Every structure is written in C-alpha cells, then in structure tokens.
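1. Could you look at this predicted model? Sequence included:
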Amino acid sequence: MYKTIRIDGDPILTQIAQPVVNVAAEQRLVSNMLLLLTIDEEAVGLAAPQVGESKRIIVIRKGNALVPMINPIITGKFGGVEAANESCLSIPGKIVVVKRHRMVMLRYTDRRGNSQTLRARGKTARVIQHEVDHLDGILIGGR
C-alpha cells in the first residue's frame, strides 16, 4: 500500500481527522507513513491526511528517529511564541512565516498502544504543532 502525498486543493487536507479507535488496525498506515519519511530524508513530519487518510496519526523526525504518534493532543504550550519559516510537503515550493510556541507538552498513543507524554522544544515543538494542525484541517498560513 504505497500512498502519495496529497497536494493543496485536496479536500481531505481541510477536514478534521477522525480519532483512531483501534491502534492495531492502523499498523499498515503507520508503516507506510514511516516509509515515506524514510524515502524523503529532508521531510521532518507527516500527517495521515497528507496521504489521504482521515486519521489522527502523525509521524515526526526527532533527531535520527522517526516517531509515530496516534491521537496526539497538545496539552500545553509554553516559552512564548517565535516566528520562523515553514514549508509543507502538501504545498510544494512554498515557504510561509508561521508563529508557533517554543515548547509543547503532548500526550499520544504509541504504535504498541501505550500512552506516552512528551515535552518538546525548538524544532521538534514546531514540527509537532505543524502536524497536529494538519489533523485539524489547517495548512500553513492558516488555510
């Protein structure tokens, strides 16, 4: 099941993604998303709607690791706001200045079905906020 990246204008990118009820049933989708990020070594994150699935799943690059997150919820935003350039796989060639919080607290379910929490800062916090926006039907630049 190889999926391609959906591009701006595809209606799924502006819809709110549905929560995952059965983590085990989504293993194939998670594997596909991991593969896509492995192939594109410059990509730092991917959300399920970007591959045409209305599911609350993201994968982020954290250091050298790819971390899948199911039903992620940002539980706190800290450290003030910082503006920086962002790009998006679904809007090729476009760079937008976006204001994001410097730190976030996140709760999610891992691939094995275990509840996890993460405190992220800097680039990782920015990537998490960007990908969670995708789950809420928001593209960079507020579209």
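-> Structure's in. What do you need?
2. ranges for the helices of this protein?
-> For the chain, the helices defined by DSSP state H cover 27-39, 122-135.
3. who does the last one touch, helix- and strand-wise?
-> Helices and strands touching helix 122-135, as assessed by 3 or more CB pairs under 8 Å, 6 or more residues apart in numbering; DSSP states H and E, comprise strand 45-47, strand 57-62, strand 65-88, strand 91-109. The way it works is simple: take the backbone N, C-alpha and C, and place the C-beta from them, glycine included.
4. repeat that with 10 Å
-> For helix 122-135, the packing partners by 3 or more CB pairs under 10 Å, 6 or more residues apart in numbering; DSSP states H and E come out as strand 45-47, strand 57-62, strand 65-88, strand 91-109, strand 115-121.
5. Please work out which of those is packed deepest.
-> Comparing these by mean neighbour count (mean count of other CB atoms under 10 Å), strand 45-47 comes out on top with a mean of 27.
6. by contact count, what packs against that one?
-> Packed against strand 45-47 by the contact rule (3+ CB pairs under 10 Å, 6+ apart) you find helix 27-39, strand 57-62, strand 65-88, helix 122-135.
7. Same list (the ones you listed) but as TSV, adding distance to residue 102 and mean pLDDT.
-> Shown next, in TSV, are the helices and strands packed on strand 45-47 (distance: least, CB to CB, whole Å; pLDDT from 0 to 100):
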stretch	distance to residue 102	mean pLDDT
helix 27-39	24	94
strand 57-62	16	96
strand 65-88	3	96
helix 122-135	6	97
